[in-house]
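Student: curious how this folds, go ahead:
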Amino acid sequence: MVRKAPLGPDFTKLFSASVMSNLADGLGRTAVPLIATTLTTDPVLIAGISALAFVPWLLFGVLSGVIVDRVDRRYAMAIANGLRVLAAVGIALLITTGAITIWWLYAAVLIFGLAETVYDNATIAVLPSVIPKGGLERANSRMQAADGVVQNFIATPVAGVLFALAIVLPVWSTAAGYFIAGALALLLPISAARAFAKANASGETVPRQTARADVREALGFLLGHRFLRDLILVASLAGFMLTMAQATSILFFLDTLAVPVIAIGFVTAGIGLGAVVGSLVASLLVERFGRGKAMFWGMLLASVALGLTGLGNVFVAVPLYALSAAGISVWNVAYGAMRQELIPGPLLGRTIGVIRTITWGLFPVASVIGGFIARIDLRLPFLVGGAVSLVVVLFAAKLLLSASDQKPAE
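Tutor: From the prediction side, this is the model:
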């Protein structure tokens with residue numbers, strides 16, 4: 001058996017910063033919808049929380065990618081998390097003074113999302129520069145597995161318990177997590193700072209092109225890459241339907257399945273187990289069966305299992321939701337590593353920004369539609385979303401399976 005090269009200390013630094021940021025994400029993503037349920041029971045307003053989390057990707061995703069390709073990525077990550085600290089502290093103070101409303105929660109979610117566009121783009125762009133060649137699948141697998149463990153087995157249960165003790169406690173904890181993550185980002189090596197720097201014969205730095213030209217360059221690359229262009233369309237359609245299905249899942253568990261508030265974190269932890277297992281086995285599946293088969297079967301499993309989630313009681317719904325999460329994790333690991341291979345390093349930040357703007361920019365609409373469908377029945381978004389996503393995946397089977405044949409960028 002061939003011994004694989006370790007991912008190295010620089011990856012460990014990025015991994016540590018990511019773990020702390022994911023801890024804060026998990027606390028916040030559990031706490032904010034729970035706080036919202038104390039302010040309203042309208043499924044559309046609750047779905048608005050999920051919708052607004054993706055609006056910044058629609059409005060700012062491309063520009064954040066340009067920023068990531070132009071500035072020191074370590075500082076971008078630190079400043080982004082600093083902004084999230086301020087938003088969390090603001091919400092905590094509003095709760096303490098009794099002035100909190102659903103609209104303040106919406107504002108905070110927008111700020112969290114705005115900072116997330118920068119932080120996530122920077123993390124993705126930094127990763128190839130801190131690992132040895134051939135380690136992308138393993139690195140993405142470990143990052144996503146840690147994300148699942150931290151958010152679902154640590155942050156989500158802890159947030160539920162803290163919320164039951166005092167509504168403000170998980171919010172203060174979220175602020176602390178983002179602060180530590182921002183500080184850790186500054187410890188990354190100089191290789192993580194910038195994409196590249198052009199110089200002339202005298203060694204002087206050549207001025208960069210305009211931001212508009214940067215975006216045109218990224219768009220031109222994607223439009224000229226037929227496989228990526230078509231794959232983005234498939235990912236956008238399937239992601240739209242799966243997001244619609246999950247938009248009101250917190251109400252589904254609380255109201256339809258009668259899960260107590262104090263136990264909601266432990267129920268979602270069970271779902272998170274699927275995400276973690278999927279992340280851990282993703283690189284092994286890619287090595288054994290190829291990237292294309294891993295992506296196809298991962299998304300197929302996600303669609304079928306999520307659709308069936310709406311049919312069962314809590315003892316059936318949680319395992320099915322976990323299977324869906326496993327499939328999504330396999331897809332995410334393989335899809336993420338593939339993009340990092342196919343997109344040249346100097347274009348990575350803004351190109352990922354364009355991709356996420358296209359894909360995630362549709363998610364707010366999906367969440368709102370899911371909220372309106374849930375007004376009819378909280379089970380219905382799962383059934384509709386899973387079924388339509390399955391049709392998309394089957395229609396695009398040939399494209400997905402061809403992922404194994406794509407050649408990395410020079």
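
Student: figure out how far whichever strand or helix holds residue 398 is from the centre of its chain.
Tutor: Using DSSP states H and E, residue 398 falls within helix 397-401. Distance, stretch centre to chain centre, for helix 397-401: 23 Å (CA atoms, centre = their mean, to the nearest Å).

Student: then that helix to CSV, C-alphas only?
Tutor: C-alpha atoms of helix 397-401 as CSV (Å, rounded to 0.1, in the frame of the first residue of the first chain):
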residue,chain,number,x,y,z
ALA,A,397,-26.2,11.5,-15.7
LYS,A,398,-23.9,11.5,-18.8
LEU,A,399,-22.4,14.9,-17.9
LEU,A,400,-21.8,14.0,-14.3
LEU,A,401,-20.2,10.6,-15.1
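
Student: pull out the buried residues from that helix.
Tutor: Neighbour-count burial for helix 397-401 flags 399-401 (criterion: 16 or more other CB atoms under 10 Å). (C-beta placed from N, C-alpha, C; glycine too.)

Student: excluding its backbone neighbours, what's nearest residue 221?
Tutor: Using CB to CB, 6 or more residues apart in numbering and skipping residues adjacent in sequence, the residue nearest residue 221 is residue 347, 5.8 Å away.

Student: for that neighbour, helix, strand, or coil?
Tutor: Here residue 347 is recorded as helix under DSSP: H, G, I helix; E, B strand; the rest coil.

Student: which one of the buried residues of helix 397-401 is nearest to residue 253?
Tutor: The closest of those to residue 253 turns out to be residue 400 (CB to CB; 31.0 Å).

Student: for that closest one, which non-adjacent residue is spatially closest?
Tutor: Nearest non-adjacent residue to residue 400, counting by CB to CB, 6+ apart: residue 296, 4.1 Å away.

Student: and the host helix or strand of that neighbour, how far out from the chain middle?
Tutor: Per DSSP H and E: residue 296 is located in helix 291-309. Centroid separation for helix 291-309 versus its chain: 17 Å, with CA atoms, centre = their mean.

Student: again, but for stretch 333-352
Tutor: Stretch 333-352 sits 15 Å away from the centroid of its parent chain (CA atoms, centre = their mean).

Student: how long is that stretch from one end to the other?
Tutor: 15 Å (CA to CA, to the nearest Å).

Student: tell me how far the residue nearest the centre of the chain lies from residue 337.
Tutor: Using CA atoms, centre = their mean, the residue of the chain that lies closest to the mean C-alpha position is residue 120, 8.0 Å off. Between residue 120 and residue 337 the computed distance is 16 Å (CB to CB, to the nearest Å).

Student: over to residue 267?
Tutor: Residue 267 is 31 Å from residue 337, by CB to CB.

Student: what about dumping the CA coordinates of stretch 240-250 to CSV?
Tutor: What follows is stretch 240-250, C-alpha atoms only, in CSV (Å, rounded to 0.1, in the frame of the first residue of the first chain):
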residue,chain,number,x,y,z
PHE,A,240,-32.3,25.0,-5.9
MET,A,241,-34.7,22.0,-5.3
LEU,A,242,-32.8,20.6,-2.3
THR,A,243,-32.6,24.1,-0.7
MET,A,244,-36.4,24.5,-1.3
ALA,A,245,-36.9,21.2,0.4
GLN,A,246,-34.9,22.1,3.5
ALA,A,247,-36.0,25.8,4.0
THR,A,248,-38.6,25.1,6.7
SER,A,249,-37.0,21.9,8.2
ILE,A,250,-36.8,23.5,11.7
